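[1] Sequence plus predicted model, see below.
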Amino acid sequence: MSDLPPPLTPPDCDLRDFSRMMLDITRLRQSSFDSIVDDAAWRAGFNLWFSAWHSVPAGSLENTDAALAKAAGLGRDVRTWGAVKADALRGFVECSDGRLYHDTVSEFALEAWIEKLIQRISSGAGNAKRWGVEFDASAIEEALSHSAALLANLAPNSKFLSRLRRKRPGGKAKPSHPDQEALPLGPENVPVGSQGTGTGTGTGIIEKHPLPPREPEAPIDDDDGGKPDDLVARANRFARLGGVNLNSAYPKPFDRELDFVRAWTTDAIPDALIEETIKRKLDQLKEGDSVSTFRFYDGAIRAAFARKRPKSSGPMEQRRAIRVNDGTDTRIPEMRKRLRERVGARSYDNWLGTNVSLRVNGSGLVLTATSDFIASHVEANYGDVIRAEAVSLFGMDSIAYRAEPQ
């Protein structure tokens, strides 16, 4: 019997479609790898991590000098590889399948793989509901539980697992260590699926630790980063209906999706209209297509609300009137005309037409939006176009983006 440890990731753990692998900067800078190895070994080590991320199983490498030299970015130069090998391989351990696994790359690979499995369950259930067919998720659920057990054994204090553990009811992952507490996990106990992006890596020789018993925890609501419960609950409801990736384990994408729901709330768009529009847009999808963000629905929801909103003066009517507050510069109407032509009538009407005012002062163009969300969206998506037209018409490239809620 081999004394080598079992593989750290499942044999089918495939992250080759995850083009990004972020780094845990603090963890890396505090590691012996960053403080001891020379520049050549440091560079080779980084390349090994990247190669391991896109290997199958993710987190592993073939254990031959020829393959490792290539993975380290040294091509066929096995002699140079031999000079840096010992330092470049810090953090890697040989496992019973004969491959080398990096403990930290494997940890984050498992997190990304779990997210991928969650997405498969979510997408499969959504497609089954849409097309009226049966969906057997048992094999994926088994793989999900196995991956969670591997992660619990590899990183007992994983914050990622802590988020999943907060949903107590449901099935449990089979422990991979006799002293390890089973991890509550199942499709009803995980966030709405997210394809998720790859995450970072650090260093260190792997050590196996049993998962220590956890102290009893007080009941905790879903980890929503301090967002209002009602907003998160509504966002989750819309996400489940529309197949949107919404997962608080990834704060930036999570907040980005919440911004759409927050903007709909600010504009007083009824939930019934939002849900009706989401269903209509789903019906228009071709078989096999999928949705990953509320951005797909946002334009249609706003257009539907614009058709149904009352004629009386309300928040949206006041927003419509904001255009009369444009500056007095006679070139602004021409500016609007050009923007409409450049970005298209639909995008202009949704974001620039009634949502912003334009003024010119001594230092540049001032764009005032009706919310912080709209100001940020306009700057991120149309900032280059606005700047180009400002230079052309006003001879100035300074653009100030402001928000004045109506």
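    Received, thanks. Numbering: from 1, shown residues only.
[2] contacts and neighbour counts: CA atoms only from here.
    Noted.
[3] State the distance from I301 to A88.
    53 Å (CA to CA, to the nearest Å).
[4] neighbour-wise, which of those two wins?
    The neighbour comparison of I301 against A88 (other CA atoms under 10 Å) goes to A88, with 25 against 20.
[5] The longest helix anywhere in the chain packs against which elements?
    For the chain, the helix reaching the highest residue count under DSSP state H is reported as helix 103-131. Of the remaining helices and strands, those touching helix 103-131 by 3 or more CA pairs under 8 Å, 6 or more residues apart in numbering; DSSP states H and E are helix 39-53, helix 138-154.
[6] Swap in 7 Å and give it another go.
    helix 138-154 (3 or more CA pairs under 7 Å, 6 or more residues apart in numbering; DSSP states H and E).
[7] okay, the helix it packs on in PDB with CA atoms only?
    Output in PDB follows, covering the C-alpha atoms of helix 138-154 (Å, rounded to 0.1, in the frame of the first residue of the first chain):
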ATOM      1  CA  SER A 138     -27.600  12.900  -7.900                       C
ATOM      2  CA  ALA A 139     -24.200  12.400  -9.600                       C
ATOM      3  CA  ILE A 140     -23.400  16.100  -9.400                       C
ATOM      4  CA  GLU A 141     -24.500  16.300  -5.800                       C
ATOM      5  CA  GLU A 142     -22.300  13.300  -4.900                       C
ATOM      6  CA  ALA A 143     -19.300  15.000  -6.700                       C
ATOM      7  CA  LEU A 144     -20.200  18.200  -4.800                       C
ATOM      8  CA  SER A 145     -20.200  16.500  -1.400                       C
ATOM      9  CA  HIS A 146     -16.900  14.700  -2.200                       C
ATOM     10  CA  SER A 147     -15.200  18.000  -3.300                       C
ATOM     11  CA  ALA A 148     -16.500  19.700  -0.100                       C
ATOM     12  CA  ALA A 149     -15.000  16.900   2.000                       C
ATOM     13  CA  LEU A 150     -11.600  17.200   0.200                       C
ATOM     14  CA  LEU A 151     -11.600  21.000   0.800                       C
ATOM     15  CA  ALA A 152     -12.600  20.500   4.500                       C
ATOM     16  CA  ASN A 153      -9.600  18.100   5.000                       C
ATOM     17  CA  LEU A 154      -7.200  20.400   3.100                       C
END
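[8] starting at the chain centroid, how far to that helix?
    Put simply, helix 138-154 sits 21 Å off its chain's centre (CA atoms, centre = their mean, to the nearest Å).
[9] What residues of that helix count as buried?
    141, 143-154 (16 or more other CA atoms under 10 Å).
[10] Output these in CSV, with pLDDT and distance to I118 appended to each entry.
    Listed next are these as CSV, based on pLDDT from 0 to 100; distance: CA to CA, whole Å:
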residue, pLDDT, distance to I118
E141, 87, 9
A143, 88, 10
L144, 87, 8
S145, 87, 11
H146, 89, 13
S147, 88, 11
A148, 87, 11
A149, 87, 15
L150, 90, 16
L151, 87, 15
A152, 87, 17
N153, 86, 20
L154, 85, 20
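[11] and Y297, what does it touch?
    For Y297, the contacting residues are I278, by CA atoms under 7 Å, 6 or more residues apart in numbering.
[12] In what element of secondary structure is it found?
    When secondary structure is defined by DSSP states H and E, Y297 falls within helix 295-308.
[13] Tell me where the stretch 301-406 of the chain has helices.
    With DSSP state H, counting those that start in this stretch as the criterion, the stretch 301-406 of the chain has helices at 315-320, 332-343, 345-347, 372-394.
[14] Direction-wise, compare the last one with helix 332-343 and give the angle.
    Inter-element angle recorded for helix 372-394 and helix 332-343: 110 degrees (by axes from the mean of the first three to the mean of the last three CA atoms, to 10 degrees).
[15] Helix 372-394 - contacts with which helices or strands?
    Short answer (3+ CA pairs under 7 Å, 6+ apart): helix 372-394 packs on strand 399-403.
[16] So what's the gap between the strand it packs on and the chain middle?
    On CA atoms, centre = their mean, the centre of strand 399-403 falls 27 Å from that of its chain.
[17] buried ones in stretch 251-261?
    253-261.
[18] Oh, that last question was meant for stretch 118-129, not what I typed.
    Buried residues in stretch 118-129 (16+ other CA under 10 Å): 118-127.
[19] and what of stretch 398-406?
    So for stretch 398-406, counting by 16+ other CA under 10 Å, buried means 399, 401-403.
[20] from those residues, which is closest to A380?
    Y401 (10.8 Å; CA to CA).
[21] And for the residue lying closest to the closest one once chain neighbours are set aside, the neighbour number?
    Nearest in space to Y401, with sequence neighbours left out and distances taken as CA to CA, 6 or more residues apart in numbering, is L367 at 5.0 Å. Other residues lying near L367 total 21 when counted by other CA under 10 Å.
[22] repeat for K286
    K286 has 8 nearby residues by other CA under 10 Å.
[23] which SS class is it?
    coil (DSSP: H, G, I helix; E, B strand; the rest coil).
[24] Over to D14?
    Going by three-state DSSP: D14 is coil.
[25] And the buried residues of stretch 398-406, which is closest to D384?
    Looking across the buried residues of stretch 398-406 and measuring by CA to CA, the closest to D384 is I399, at 10.1 Å.
[26] mind listing what the closest one touches?
    Per CA under 7 Å, 6+ apart, neighbours of I399: 364-366, 387.
[27] Tell me how far it lies from D329.
    16 Å.
[28] Next: D14.
    Counting by CA to CA - D14 and D329 are separated by 57 Å.
[29] Looking at the two, which is more packed in?
    Between D14 and D329, counted using other CA under 10 Å, the more crowded position is D14 (20 against 12).
[30] That one and F92: what is the separation?
    In terms of CA to CA, D14 sits 19 Å off from F92.
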